[in-house]
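Novice: Requesting a structural model of the entry that follows:
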Amino acid sequence: MGIELSTPGIGELGDVVAVLREWQREDVPLQLHPGDLGWFWRFGEDRTAAATRVWRRGGQIVAIGMLDEPDWLRMSIAPDVQRDEELAQRIVDDVSAPATGVLIEGKVYVETPMGALVQDLLFKDGWNADAPWVPLRRDLSEPVPDPGARVDVIGAEEAHERTAVQRASFDGSTFTDDRWFAMSDGLPYADARCLVLRNEIGESVAAATVWSAGEGRPGYIEPMGVHRLHRGRGYGTAMVLGCARHLREMGASSIYTVTPATNEGAVATYQAAGMQALDEVRSQYREA
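Specialist: Down below sits the predicted model:
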């Protein structure tokens, strides 16, 4: 049974999101989450569809890729076929040849679930391991401590606060109100909440978006940031605790995120909120 690669139309994104939800389980390596697609949706559904790649076998989706950038593909593979030889070889062929329309020419990056056969084949073809990232996770079977600060769920009327904190947290951020509305109109946002943490006088000092994949499945933080004028006061830890409490209310089995290993401050913040660092993950890259 042959494997087919395609770029889905807008009308197919619902199926892609539904499949990604089904693949989120505690017993499989961390991989692309519906929240990754949901965060990208801030650029609109047209760009989201254009950045998505789907591999099908017998009409069934077996792998999904999202182009964060034209040179960087992040992938999810169905849990039961992550060591499937035919699929792994087809993915390697498709990401290695610019003519397939997956990755551009030049230096490119591919992120796949750790332990997937496609990683072995990419290394065999001369790809290299990139810089490490640290996944962090907290089980949500038990109650989460109160963050000790006010955490509000943000709706349309307060969207400007959410976007302002984002821009004040990340240099070069282009998260505008229009992009918040585009994101909140996206299919994955039905299982998401935008949160803002306020200080004692009501100022918005930290913000995050949390994404559920449904009852009993891992939830995800993407992104979380603290306003650059309010750092060093514990707001990041409080924000993460607020995220965990909201995801638990939404039925998530755990909360996780991933951050560069070089960002020691972020790792420490997540750990202070009770998240445990897991084994490092690495994307793979091919030189031009």
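
Novice: To what extent is Ala277 buried, counted in neighbours?
Specialist: For Ala277, the count of nearby residues is 14 (other C-beta atoms under 10 Å). The way it works is simple: take the backbone N, C-alpha and C, and place the C-beta from them, glycine included.

Novice: Could you report the distance from it to Trp133?
Specialist: From Ala277 over to Trp133 the distance is 11 Å, taken as C-beta to C-beta, to the nearest Å.

Novice: just His160 next, same as before
Specialist: Here His160 is placed at a distance of 31 Å from Trp133 (C-beta to C-beta).

Novice: what's the answer for Leu247, then?
Specialist: Relative to Trp133, and taking C-beta to C-beta, Leu247 is found at 21 Å.

Novice: Equivalent analysis for Pro145, please.
Specialist: With the distance defined as C-beta to C-beta, Pro145 ends up 27 Å from Trp133.

Novice: which of these two has more neighbours?
Specialist: In this view Pro145 and Trp133 are compared by other C-beta under 10 Å, and Trp133 has more residues nearby, 17 against 11.

Novice: On the three-state scheme, that one is what?
Specialist: strand (DSSP: H, G, I helix; E, B strand; the rest coil).

Novice: I'd like to know the beta-bridge partner residues of it.
Specialist: Trp133 has the following beta-bridge partners by DSSP bridges: Pro260, Val281.

Novice: quick one: the residue nearest to Pro143 when sequence neighbours are not counted from Leu241, how far?
Specialist: If the residues on either side of it in the chain are set aside, Pro143 comes closest to Arg248, at 7.5 Å by C-beta to C-beta, 6 or more residues apart in numbering. Look at Arg248 and Leu241: by C-beta to C-beta, they are 11 Å apart.

Novice: ditto for Arg57
Specialist: When Arg57 is compared with Leu241 (using C-beta to C-beta), they lie 42 Å apart.

Novice: how about the spatially most central residue of the chain, phi and psi?
Specialist: Taking C-alpha atoms, centre = their mean, the centroid of the chain lies closest to Asp36, which sits 3.4 Å from it. In this entry, Asp36 is assigned phi and psi values of phi -60, psi -40 (degrees, to the nearest 10).
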